[in-house]
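J.: Whatever this is, show me its structure:
(2 chains)
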Number of protein chains: 2
Amino acid sequence: MEEKELTALERQGRAAKEAARTLAVASSREKDRALDAICDGLLARQGEVLAANAEDLAAARAAGMSPAMQDRLMLDVKRVAGIVSGVGEIIALPDPIGQVTKMERRPNGLQIGRRRVPLGVVGMIYEARPNVTVDAAALCLKTGNAVILRGGHDAIRSNLALAGIMRDALEQSGLPRDCVCLVEDTSRSSAVELMNLTAYLDVLIPRGSRGLIRSVVEHARVPVIETGSGVCHVYVDEHADLEMAANIITNAKCSRPSVCNAAECLLVHHSVAQEFLPMAWEKLKQWNVEIHGDGVTRSILGEFTVIPATEADWDTEYGDYKLAVRVVGSADEAMDFIARHGTGHSEAIVTENYTTAQRFLDRVDAAAVYVNASTRFTDGGEFGLGAEIGISTQKLHARGPMGLEEMTSSKYIIYGNGQIR
Amino acid sequence: MEEKELTALERQGRAAKEAARTLAVASSREKDRALDAICDGLLARQGEVLAANAEDLAAARAAGMSPAMQDRLMLDVKRVAGIVSGVGEIIALPDPIGQVTKMERRPNGLQIGRRRVPLGVVGMIYEARPNVTVDAAALCLKTGNAVILRGGHDAIRSNLALAGIMRDALEQSGLPRDCVCLVEDTSRSSAVELMNLTAYLDVLIPRGSRGLIRSVVEHARVPVIETGSGVCHVYVDEHADLEMAANIITNAKCSRPSVCNAAECLLVHHSVAQEFLPMAWEKLKQWNVEIHGDGVTRSILGEFTVIPATEADWDTEYGDYKLAVRVVGSADEAMDFIARHGTGHSEAIVTENYTTAQRFLDRVDAAAVYVNASTRFTDGGEFGLGAEIGISTQKLHARGPMGLEEMTSSKYIIYGNGQIR
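T.: You can find the predicted model right below:
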């Protein structure tokens, strides 16, 4: 190979790829030992982390960051303990690497098996939450993947402290430091360069705002797993248990409006709208939910309660105590509406009608489709996956909550005794 | 939604997406009936196909196409029969759609299952072989996917005839014609537009030359499954059965040099090179294989037999009766060499040493890793997958030969009885 001058990021990519070769064949015990050392390091050196974080926070305040964003950036003793206990949970999970998911003997005597292997080098692009730095690195290490972390500018001092501790812990445990790499340059150009690091990155996972994710999908030439964005619907059918429906929409909207599995839009069958909408409003108004409704909704709940919905409302992920409401003529109309305006994340129907329920499960195209339950359950923990890298809204490779298995690839291993074709 | 002027391709995309919604819930029987109608249509109307193909061929000849390329483009009665029998084989395969791969009851009573569903709309970009038009469409139909086909300029008349027959057959069977769409504009700009049709395409699969695939990976914003390119190695270890090794390298190189699972490079442990290389050459020379070797190879086989290898040889997919040969000091050196120069397709070791064999299986990172067998077995049929869309050399979603299961995604289906979180 001819030698040419590599950029700083290319050098990191090459180092991560080299480290990934060692990590790929590390035993579960070696990987868990490194994760243990990371826990110890984080606890022993949390002073460094908190000092770095205090500097990040001071800079953020000086730059006028909103209190809500400051809260996402902030670390304290309790939050560090939370990060450490998150790593502990990952240690406790079974290691998917090495599992042979099928193996058969072919007529010519070849034994052909499919073995779970790491993806290789994973890139993570994320924003201002430093806990993601440890969380993502731990999930990658557990699954034998080296990781290149590119966090936000605002958290860079915290991230450098956290990554330094993790790299030292790796070295102490006998694994390469470069299993965890952090991109120090937080300019936009470093993000774009990472998105195009095809020689070294096997996959790129963006975690954060819709704008971030869209930008990655737009610019990346490396394979991307798209996570997150959710315009989720709850459809209340003509045969719904209305009490149950009111509880479900209230939970789906209000239990944590900022997350991607929260509902943004309520669809109601016209034959129950008159009875149901006031029942739902009774509960929603306790959370001061702002209703953006169509004409029928407005005529039922009144013009002081309902802001007229615009076309844009049907495609908006509010992430807030706001709810779009629309009355539909049939379950099929609801499904067509979801096909046009949903983002393929989580969709729910409330109905007691067996055929309508099955039809909704069959026809609605989303990562998670619910009958008579809140969309808020779309989550790795709730689904029994143990840990979660994110929720994929694409159809390739992984769809829905991504656990450890989704951080793996496979290879065919073939035992022969001289076969030729 | 605001209405704006759609391009021809966007209209096709929208039509395909609409058709995909119907196709996704079609039963296996409905899909097989449509595939049957396609077989009948192809046989009944093969006159149209052959006439269109004759026009394509005449234009190609006039444009000075090479005889080898003309042969790839050419259809005759026998080849049409082959295409039809390929569809018949796809009909006979089990339908993966609807299969629930796991289902469990969570502590809160939710029943959460994972169901195999179609990807949605698949784009295929390929070159001058009209048989791909039917083959790809049939695989997509069987797996409930609508397809947008964008074949090469040289085959456009043949492809229009084939697609027309398939669309008529769909309509006769009660499925939407737009389950199969063919892009009539074969300009480069239509290909680029297809690569960026994010609103309608769920995945894009390029089939063809390395240049085509590289261009797709470079330009696509829709998710891509990269297929094909293979710089495959056979490593002959110090503990190899040398007779077996000579048979394997000869088969891997010569049985069909143009395909991606053919070997391009032979690595030989130095301690057996003196004995093995002449044995291998005895067999390879019967196929007039051109050897591009390193200095040691040249000193063993002689300078009249061996062309000095350049750096470029180690990264070349010859697709021809040419073989790069290199002598290495150890199995680890061979694995390092493969890590640097392999394309992650198929790699083989020939050895009788148990530990070295396991080490090679563990450490070599490729879609298929062989012990004591020819790389030529990397193929959907040989692996028992029944049919093959291509061989993926990426790690995301599918790796190695892609059968029907690799043309699917999944969705979580959740049965609740009022659960909230």
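
J.: Determine the number of other residues adjacent to A:Ala58.
T.: Neighbour count for A:Ala58, taken as other CB atoms under 10 Å in any protein chain shown: 11. (Each C-beta comes from the backbone N, C-alpha and C, glycine too.)

J.: Report the contact partners of A:Ala368.
T.: Applying CB atoms under 8 Å, 6 or more residues apart in numbering or on different chains to A:Ala368 gives the contacts A:261, A:345-347, A:375, A:377-378, A:400, B:411-414.

J.: pLDDT wise, what is it at?
T.: What the model reports as pLDDT for A:Ala368 is 98.

J.: so what's it bridging to?
T.: A:Ser346, B:Tyr412 (DSSP bridges).

J.: Please report how far it lies from A:Lys4.
T.: Shown here: A:Ala368 relative to A:Lys4, a distance of 47 Å by CB to CB, to the nearest Å.

J.: residues touching A:Val236, list them.
T.: A:242, A:245, A:249, A:266-269, A:272, A:276, A:350.

J.: Span of stretch A:278-294 from start to end?
T.: Using CA to CA, to the nearest Å, the end-to-end distance of stretch A:278-294 comes out at 15 Å.

J.: That stretch and chain B, any residue contact?
T.: No. Residues of stretch A:278-294 are not located near chain B by CB under 8 Å from any CB of the partner chain, the shortest gap being 11.2 Å.

J.: Over to stretch A:127-142?
T.: No. Using CB under 8 Å from any CB, stretch A:127-142 stays clear of chain B, coming no nearer than 13.9 Å.

J.: For the residue of the stretch 251-400 of chain A found nearest chain B, the count of nearby residues, please.
T.: Residue nearest to chain B within the stretch 251-400 of chain A (CB to the nearest CB): A:Ala373, separated by 2.8 Å. Neighbours of A:Ala373 under the rule other CB under 10 Å: 30.

J.: any idea how far it is from A:Gly228?
T.: 21 Å.

J.: Show me what the lowest-mean-pLDDT helix or strand in chain A is packed against.
T.: Among the helices and strands of chain A, helix A:210-219 carries the lowest confidence by mean pLDDT, DSSP states H and E, at a mean of 85. Of the remaining helices and strands, those touching helix A:210-219 by 3 or more CB pairs under 8 Å, 6 or more residues apart in numbering or on different chains; DSSP states H and E are strand A:121-126, helix A:188-195, strand A:203-207.

J.: so what strands line up beside the first one?
T.: Think strand A:121-126. Short version: by DSSP bridges, strand A:121-126 pairs with strand A:146-150 (parallel), strand A:203-207 (parallel).

J.: can I get the contacts of A:Val236 in a markdown table with pLDDT, secondary structure and neighbour count?
T.: Shown next, in a markdown table, are those (pLDDT from 0 to 100; DSSP: H, G, I helix; E, B strand; the rest coil; neighbours: other CB atoms under 10 Å in any protein chain shown):
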| residue | pLDDT | secondary structure | neighbour count |
| --- | --- | --- | --- |
| A:Leu242 | 98 | helix | 16 |
| A:Ala245 | 98 | helix | 26 |
| A:Ile249 | 98 | helix | 31 |
| A:Leu266 | 98 | strand | 26 |
| A:Leu267 | 98 | strand | 23 |
| A:Val268 | 98 | strand | 32 |
| A:His269 | 98 | strand | 23 |
| A:Val272 | 98 | helix | 18 |
| A:Phe276 | 98 | helix | 24 |
| A:Val350 | 98 | strand | 29 |
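
J.: which stretches of the stretch 1-150 of chain A aren't confidently modelled?
T.: A:1-3 (pLDDT under 70).
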